[in-house]
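1. give me the fold of what follows.
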Amino acid sequence: MKEIKNTKWIPDWGIKRISGMVQNRPDWCISRQRIWGLRIPLEDSKDIMDVWLESGASWATLLGQKQADLYLEGSDQHRGWFQSSLLLSVAANDQAPYKAVLTHGFTVDEQGRKMSKSMGNVVDPLKVIAQYGADIMRLWVISSQFKDDMSISDKLLKQVSDVYGKIRNTWRFLISNLYDFERASLGVIPAKAGIQGPVGVEMDSRLRGNDNSITLTELDKWILMRLQKLVADCEKSYEEYEYHKIYHDVHDFCANDLSSFYLDMIKDRLYCDGKTSATRRSSQYAMSVILKKLLRIMAPVLSFTTEEVWQFLTPNPTPPILGGETDKSKVSVDFSLRSASVHLQEFPVVDPALLDEALEKRWEEIFSIRTSVYQKIEELRQAKTVAGSLDAKVELTLSKDLGLSKEDWQLILIVSQVELKNGKELLIKAAHADGEKCERCWKWEKLENGLCPRCAKVIKEQGK
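-> Residues are numbered from 1 along each chain as shown. As a prediction, the model looks like this:
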């Protein structure tokens, strides 16, 4: 009983279950024999005398006197393997054979019924893998509350497949916008100073400081701060076997933090700013860090997809990843440049320098204002004054400085024009933007030859 208390039981109720079964154990021996005289079973193999006895002593062959980090089996094994292993190990070594014991439930159908051939509700894992792929099968496993019985059905698998598609498409967007971004020799990010060390990219002088550092924009600092929180949460969930939390946290980060906010806001930078501009390179750096950390977080689950993406994180790989069927004879990739497997990388760690509480609070206010602005723009859209946010101009009266320029607000609100004023309270006015619609970026400005001043400059610099 002392060794039961010294063991970590996952979930917690496991300790009560096995304690009661050991205290009230009616059996007179370890094996399946009973007092009425069941003979010792003779198996086909002459090496086995009794399966309960020998499975309970499996630690002797594998571990000797060492303890296993974890024993893993179904909830019925509190009276079986968990218990027989405990009794034999305590008798021989005066200690439990394990440091922790994890109990999982059984697989049932959508209505909670046991799988039965007669009912026709059996889900064959091999058929699931053939239809959806092994990664979706693995993703379903972590999506389940495995400490209880786990439901599986075509409907549930399709839901998991949709989540997988969202995660995969987010990674596809990230890597497709890193095609001209060198990822070799990226340095670390010191506190609030930007990015330090060699970066291996051609960049604008505004991006590279005298100390060879890169200054991140406020928006990129925010998303990297959000990433650190995701890394911390996922590491904790892995350690505590709370895999369903990883499933929800990663999906939420991809669907909300990235797709609904960050990636939507930086599209103008990525597609319309100069290729080596400070703003574009800042966002590309952030995307590179995000993608690498997400791949390492999900590598234990999405083993094949993460490896596929990781192998394209090399200078100038072609063609773009995840693009469907590829004619291998037409692919030009220097495989010697490819990185070592993602499964040989270390789990990402939290960078404390990026955990900025003041920044987090400020961005909570910024997003609150963004929501209010979008309500005003939606009123204009309903009135058919504008077709979308880029058709709008916004006048913001702010009660305090949130550290953002007009250009920053234009990016965050995805509007063409912003005018900032100081006041005692937040006031928002929205109307149709002035000027004409730029043929390249679709923002409204005073145009010359169909282009706004920003786009005209970029086109001239690129010699097109």
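2. can you give me the offset of stretch 364-379 from its chain's centre?
-> 27 Å (CA atoms, centre = their mean, to the nearest Å).
3. show me which residues of that stretch are buried.
-> Applying a neighbour-count criterion of 16 or more other CB atoms under 10 Å, one finds Ile366, Ile369, Arg370, Val373, Tyr374, Ile377 buried in stretch 364-379. The way it works is simple: take the backbone N, C-alpha and C, and place the C-beta from them, glycine included.
4. cool, and stretch 15-22?
-> For stretch 15-22, by 16+ other CB under 10 Å, it's Ile15, Arg17, Ile18, Val22.
5. confidence score at the first one?
-> If you check Ile15, the pLDDT there is 91.
6. check contacts around it.
-> Going by CB atoms under 8 Å, 6 or more residues apart in numbering, Ile15 touches Ile4, Lys5, Thr7, Trp9.
7. sticking with Asp264, tell me its helix or strand.
-> helix 263-272 (DSSP states H and E).
8. low-confidence regions, the stretch 101-250 of the chain specifically.
-> 182-214 (pLDDT under 70).
9. kindly recompute the last result at 90.
-> 105-125, 128, 144-155, 178-216 (pLDDT under 90).
10. now do the helices in it.
-> Remark: helices assigned in the stretch 101-250 of the chain by DSSP state H, counting those that start in this stretch are 125-132, 134-143, 154-176, 218-239, 243-252.
11. got the contact list for the third one?
-> Residues from elsewhere that reach helix 154-176 (CB under 8 Å, 6+ apart): 110, 128, 132, 135-136, 139-140, 143, 247, 250-251, 254-255, 258-259, 263, 287, 290-291, 294-295, 298, 302, 305, 309, 312-313, 320-322.
12. with only the CA atoms kept, save it in CSV.
-> Extracted C-alpha coordinates of helix 154-176, given in CSV (Å, rounded to 0.1, in the frame of the first residue of the first chain):
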residue,chain,number,x,y,z
ASP,A,154,-17.2,8.8,-39.6
LYS,A,155,-18.8,12.1,-38.4
LEU,A,156,-16.1,12.6,-35.7
LEU,A,157,-13.3,11.7,-38.1
LYS,A,158,-14.6,14.3,-40.6
GLN,A,159,-14.5,16.9,-37.8
VAL,A,160,-10.9,16.0,-37.0
SER,A,161,-10.1,16.0,-40.7
ASP,A,162,-11.4,19.6,-40.9
VAL,A,163,-9.2,20.6,-38.0
TYR,A,164,-6.2,18.9,-39.6
GLY,A,165,-7.0,20.8,-42.9
LYS,A,166,-7.0,24.1,-41.0
ILE,A,167,-3.7,23.4,-39.4
ARG,A,168,-2.1,22.2,-42.6
ASN,A,169,-3.4,25.1,-44.7
THR,A,170,-2.0,27.5,-42.1
TRP,A,171,1.4,25.9,-42.4
ARG,A,172,1.1,26.0,-46.2
PHE,A,173,0.4,29.8,-46.1
LEU,A,174,3.4,30.4,-43.8
ILE,A,175,5.9,28.5,-45.9
SER,A,176,4.6,29.8,-49.2
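13. how much does that helix deviate in direction from helix 125-132?
-> 50 degrees (axes from the mean of the first three to the mean of the last three CA atoms, to 10 degrees).
14. what residues of helix 154-176 count as buried?
-> Neighbour-count burial for helix 154-176 [16+ other CB under 10 Å]: 156-157, 160-161, 163-164, 166-168, 170-171, 173-175.
15. quick one: the spatially closest residue to Ile414 that is not a sequence neighbour from Arg440, how far?
-> Distances taken as CB to CB, 6 or more residues apart in numbering put Ser389 closest to Ile414, at 4.6 Å, once the chain neighbours are dropped. Counting by CB to CB, to the nearest Å, the gap from Ser389 to Arg440 is 17 Å.
16. equivalent analysis for Ser416, please.
-> 13 Å.
17. widest-spaced pair of the contacts of Ile15?
-> Lys5 and Trp9 (9.6 Å; CB to CB).
18. ok, the two, which is more surrounded?
-> Trp9 (20 against 10; other CB atoms under 10 Å).
19. the nearest residue to Lys437 once chain neighbours are set aside: neighbour count?
-> Spatial nearest neighbour of Lys437, chain neighbours left out: Trp444 (5.6 Å); criterion: CB to CB, 6+ apart. Trp444 has 22 neighbouring residues, counting by other CB under 10 Å.
20. need the strands for the stretch 1-150 of the chain, in chain order.
-> Along the stretch 1-150 of the chain, the stretches classed as strands by DSSP state E, counting those that start in this stretch are 8-10, 71-74, 100-104, 107-108, 150-151.
21. buried sites along the third one?
-> Neighbour counts using 16+ other CB under 10 Å place Ala100, Val101, Leu102, Thr103, His104 of strand 100-104 among the buried residues.
22. again, but for stretch 59-69
-> Applying 16+ other CB under 10 Å to stretch 59-69 flags Trp59, Ala60, Gln67, Ala68 as buried.
23. got the CA positions of that stretch in PDB?
-> Once non-C-alpha atoms are left out, stretch 59-69 reads as follows in PDB (Å, rounded to 0.1, in the frame of the first residue of the first chain):
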ATOM      1  CA  TRP A  59       9.800  -5.800 -15.500                       C
ATOM      2  CA  ALA A  60      12.400  -8.300 -14.400                       C
ATOM      3  CA  THR A  61      13.500  -8.800 -18.000                       C
ATOM      4  CA  LEU A  62      13.200  -5.300 -19.200                       C
ATOM      5  CA  LEU A  63      14.200  -3.300 -16.200                       C
ATOM      6  CA  GLY A  64      15.800  -5.400 -13.600                       C
ATOM      7  CA  GLN A  65      15.600  -3.400 -10.400                       C
ATOM      8  CA  LYS A  66      15.000  -0.100 -12.200                       C
ATOM      9  CA  GLN A  67      11.500   1.500 -12.200                       C
ATOM     10  CA  ALA A  68       9.700   2.200 -15.500                       C
ATOM     11  CA  ASP A  69       8.700   5.800 -16.000                       C
END
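24. picking up where we left off before, next one: whichever helix or strand comes after the helix holding Asp264 to chain centre, how far?
-> Of the helices and strands lying after helix 263-272 in sequence (DSSP H and E), the nearest is helix 278-298. Relative to its parent chain, helix 278-298 has a centroid offset of 13 Å by CA atoms, centre = their mean.
25. does helix 278-298 pack against any helices or strands, and if so which?
-> helix 154-176, helix 218-239, helix 243-252, helix 263-272, helix 303-310 (3 or more CB pairs under 8 Å, 6 or more residues apart in numbering; DSSP states H and E).
26. helix or strand right after whichever helix in the chain runs longest?
-> As assigned by DSSP state H, the longest helix anywhere in the chain is helix 357-382. Heading C-terminal from helix 357-382, the first helix or strand you meet, by DSSP H and E, is strand 392-398.
27. and the nearest residue to Val123 once chain neighbours are set aside, what does it touch?
-> Nearest residue to Val123 in three dimensions, chain neighbours excluded: Ile152, at 5.0 Å (CB to CB, 6+ apart). Ile152 makes contacts with Thr107, Val108, Asp109, Glu110, Val123, Trp140, Ser144, as judged by CB under 8 Å, 6+ apart.
28. please tell me which one of these counts the most neighbours.
-> Going by other CB under 10 Å, Trp140 tops the contacts of Ile152 with 23 neighbours.
29. ok, now which ones touch that residue?
-> So Trp140 contacts Val128, Ile152, Leu156, Leu157, Val160 (CB under 8 Å, 6+ apart).
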